[in-house]
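Enquirer: Structure, please.
(chains A, B, C and D)
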There are 2 protein chains.
Amino acid sequence: MGARDVRPVTSVDVAKRAGVSQSAVSRAFSRMASIAPGTREKILRAAAELGYRPNRIPAIMLSGRSGMVGVVVGGLSNPFYVSALEHLVGALRDQGLQVLLVHVDDALTLDSALDQLLGYRIDAVVTALAIGSAAVARALGALRIPVICFNSRLTGPWISTVSSDNRAAGVVAARLLAERGVVRPVWLAGPLRNVASVARGDGFRAGLGALAGDLVSLRGDDTYESGYDAVSGMLTRGVRPDGMFCSNDMMACGAIDALRERGGLLCPEDVVLLGYDNIPQGAWRAYDLTTFDQGVERLVEAACGILAEALTDGAGPVSQNPVIEALLVERGSSGGG
Amino acid sequence: MGARDVRPVTSVDVAKRAGVSQSAVSRAFSRMASIAPGTREKILRAAAELGYRPNRIPAIMLSGRSGMVGVVVGGLSNPFYVSALEHLVGALRDQGLQVLLVHVDDALTLDSALDQLLGYRIDAVVTALAIGSAAVARALGALRIPVICFNSRLTGPWISTVSSDNRAAGVVAARLLAERGVVRPVWLAGPLRNVASVARGDGFRAGLGALAGDLVSLRGDDTYESGYDAVSGMLTRGVRPDGMFCSNDMMACGAIDALRERGGLLCPEDVVLLGYDNIPQGAWRAYDLTTFDQGVERLVEAACGILAEALTDGAGPVSQNPVIEALLVERGSSGGG
DNA sequence: TTGTAGGCGTTATCAA
DNA sequence: TTGATAACGCCTACAA
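Expert: Got it, this is the predicted structure:
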């Protein structure tokens, strides 16, 4: 037994020092407890002297609620998810909730990770996984605690999803390209399993109207490299677009670089190009990317609202699916800004 | 009392169903406990039928150890820190440790956040705060649990710091510029409080030798915008460098864009330019940035090694300060790659 | 190998 | 307003 094992100061220690009962100490640290101001002060002084810090663990045992929320993230290589995480952590803190962070590579990791988290009696799960397989849905639904997703298609009595209005944004993108006189549009999609990407593509096609017949569709995996490669391949095949909508900003940046390097095409002079997410790098001068802002603050706010409701005492399973409008941010790549 | 309040399945429930004592259930789920294989199997079956999941909270009460590590991050706008966080979370998981994430804006937030975390009886704190003020050091040192920092200067019996060899990298950067025939070097520093940046600058100056007399020093705040602005200002003042070392990749990207847009200067033709961190965006074609890779994996590995030692039963305060060599990654901005 | 019983540090209930 | 006492769910001697 080394120095680490010095027993932390408990309420009993404080009680002894302050000459009161242990329950009095508990009351001194509780908001809505009736205690004489003098007693409380005496206790707080004793507590400060001893360096006492209330232990939350026993309260968790009694209440069955830990005040912790499991936050499951996938690849953080996309700055959009990082930003979402950042805001989420702050918003949860403001609600007095702690974040138990889990990073997940595949469904297997998810299962074992959730298992672990359940041992800690987390109150809810928030996930920003772009991808929702059936296995994931099953795992999350089985938890029987509130689950909140971003841009997913998962459903179930305990599952809520906060989405950006992907389809509407796709329509707006199409209209913008049409306005700019685009006649050879290209759609750079994300992975098929990314439902947000699918919705963006659907909206884009719908918005193109008659022009949709000429639409060239490419597919990437939401990374910069995949955008670069997809466009390089397209150029090699002799396709030279004059307008392009990319399912996210990372791919859009790759597309811009490929257009310039492999095709000598510049945005917006030769190609009117749009992305999605409004990541910081899109605003960097080398890209100056027109894009859609999902409104991370509003997404997170909606998520936390649902969470608050779901965690209300006596609330049953909560399932809501708010949709948040994405806002066009015009910069140079579309000839705006 | 709504649906959420259905009492979770406990070991007593399982015991009843399996027709054994509660302690038998506890043993069935514990590694090094003597239990008859048949009994264990019977119990596991009953547990599966009931959907029992061992509750870790009581064990925390008994042992005083939660298996949770507080991870404190500052701005996640720098992808380098994101990558470090990502690796860290994975590595801690592999050690059976959970991550309680805290996002901190200022010393005040830190204090209250640490207070909260202590209530959860976290076993240690890992922080990737770029900035270590005296207040932060005091707050962390007062915890009396192991604290591990990245690239900090914090000291104390409970505090360890894992650093990249910032000074040595600075020397290497200077030598590389000299080799490339640079005669008008520029150093773009980060904030003064960033000790890693200071060390990089010291090494750079030392490595320049006689050339150091002509060194132009700029200061940014580690963001893209600050790099862009600092270089724009420099160009306005008529300074036209032929070599540049930037304290991090974000500023380096800003510098490259400013050199091109505001000065018509290209890298590497006109300016040999280096960054630090090896963030993914540096590899994007628009930047093709030569940089130093801190070796996140090795940094994290070192941190976890220290942590494992510090969390060994009976270990006293552990304080180590390993330094990890940063590796030059040559790409186009220095004329290499 | 198995069961019984005590205790971990709080909060909540009840009596004083 | 206070203090004594019973939980909370599991782990761990100790006894059988």
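Enquirer: got the phi/psi numbers for the closest residue to DNA strand D within chain A?
Expert: Nearest residue of chain A to DNA strand D (Cβ to the nearest atom of the strand) works out as A:Ser34 at 2.6 Å. The way it works is simple: take the backbone N, C-alpha and C, and place the C-beta from them, glycine included. When quoted as degrees, to the nearest 10, the phi and psi of A:Ser34 stand at phi -90, psi 120.
Enquirer: Next, the contact list for it, please.
Expert: Applying Cβ atoms under 8 Å, 6 or more residues apart in numbering or on different chains to A:Ser34 gives the contacts A:Arg27.
Enquirer: pretty sure A:Gly227 contacts A:Asp249?
Expert: No. Using Cβ atoms under 8 Å, A:Gly227 is not in contact with A:Asp249; the gap is 9.3 Å.
Enquirer: now the stretch 201-337 of chain A, which segments are flagged as low pLDDT?
Expert: Residues of the stretch 201-337 of chain A that meet the criterion pLDDT under 70 lie in A:337.
Enquirer: For the nearest residue to A:Thr290 once chain neighbours are set aside, grab the count of nearby residues.
Expert: Here the nearest residue to A:Thr290 in space, its sequence neighbours aside, is A:Ser334; by Cβ to Cβ, 6 or more residues apart in numbering or on different chains that works out to 3.7 Å. A:Ser334: 28 surrounding residues under other Cβ atoms under 10 Å in any protein chain shown.
Enquirer: Tell me where the stretch 151-300 of chain A has strands.
Expert: A:159-164, A:185-189, A:216-219, A:243-246, A:272-274, A:291-293 (DSSP state E, counting those that start in this stretch).
Enquirer: And the last one, how far out from the chain middle?
Expert: Using Cα atoms, centre = their mean, to the nearest Å, the mean C-alpha position of strand A:291-293 is found 16 Å from that of the whole chain.
Enquirer: for that strand, packing partners?
Expert: Judged by 3 or more Cβ pairs under 8 Å, 6 or more residues apart in numbering or on different chains; DSSP states H and E, strand A:291-293 is in contact with helix A:166-179, strand A:327-329.
Enquirer: a markdown table for these, including mean neighbour count?
Expert: Shown next, in a markdown table, are the helices and strands packed on strand A:291-293 (neighbours: other Cβ atoms under 10 Å in any protein chain shown):
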| stretch | mean neighbour count |
| --- | --- |
| helix A:166-179 | 22 |
| strand A:327-329 | 16 |
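Enquirer: can you count the residues close to A:Asp111?
Expert: A:Asp111: 16 surrounding residues under other Cβ under 10 Å.
Enquirer: who's in contact with it?
Expert: A:Asp111 neighbours (Cβ under 8 Å, 6+ apart): A:135, A:139.
Enquirer: likewise A:Arg260?
Expert: A:Leu266.
Enquirer: count of residues packed around the residue of the stretch 151-300 of chain A found nearest DNA strand C?
Expert: Using Cβ to the nearest atom of the strand, A:Trp158 is the residue of the stretch 151-300 of chain A that sits closest to DNA strand C, at 25.0 Å. A count of nearby residues for A:Trp158, using other Cβ under 10 Å, gives 22.
Enquirer: In contact with it: list those residues for me.
Expert: A:140-141, A:143-147, A:317-319.
Enquirer: Repeat the analysis, applying 7 Å as the threshold.
Expert: A:141, A:143-147, A:317, A:319 (Cβ atoms under 7 Å, 6 or more residues apart in numbering or on different chains).
Enquirer: ok, and of these, which contact DNA strand C?
Expert: Counting by Cβ under 7 Å from any atom of the strand, nothing from the contacts of A:Trp158 sits close to DNA strand C.
Enquirer: Just the buried residues of these.
Expert: Neighbour counting by 16 or more other Cβ atoms under 10 Å in any protein chain shown classes A:141, A:143, A:145-147, A:317, A:319 among the contacts of A:Trp158 as buried.
Enquirer: ranges for the helices of the stretch 1-150 of chain A?
Expert: Assigned by DSSP state H, counting those that start in this stretch, the helices in the stretch 1-150 of chain A fall at A:11-18, A:22-28, A:37-50, A:57-63, A:79-94, A:107-119, A:134-141.
Enquirer: re earlier: arrange the strands of the stretch 151-300 of chain A in JSON lines, one row each, with mean neighbour count and distance to DNA strand D as further columns.
Expert: Below are the strands of the stretch 151-300 of chain A laid out as JSON lines (neighbours: other Cβ atoms under 10 Å in any protein chain shown; distance: least, Cβ to the nearest atom of the strand, whole Å):
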{"stretch": "strand A:159-164", "mean neighbour count": "25", "distance to DNA strand D": "25"}
{"stretch": "strand A:185-189", "mean neighbour count": "25", "distance to DNA strand D": "46"}
{"stretch": "strand A:216-219", "mean neighbour count": "16", "distance to DNA strand D": "47"}
{"stretch": "strand A:243-246", "mean neighbour count": "31", "distance to DNA strand D": "49"}
{"stretch": "strand A:272-274", "mean neighbour count": "28", "distance to DNA strand D": "52"}
{"stretch": "strand A:291-293", "mean neighbour count": "25", "distance to DNA strand D": "45"}
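Enquirer: Can you lay out those strands as TSV showing distance to A:Glu261?
Expert: What follows is these, written out as TSV (distance: least, Cβ to Cβ, whole Å):
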stretch	distance to A:Glu261
strand A:159-164	31
strand A:185-189	16
strand A:216-219	17
strand A:243-246	15
strand A:272-274	15
strand A:291-293	21
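Enquirer: And the helices and strands packed on strand A:291-293: which comes nearest B:Pro58?
Expert: helix A:166-179 (44.8 Å; Cβ to Cβ).
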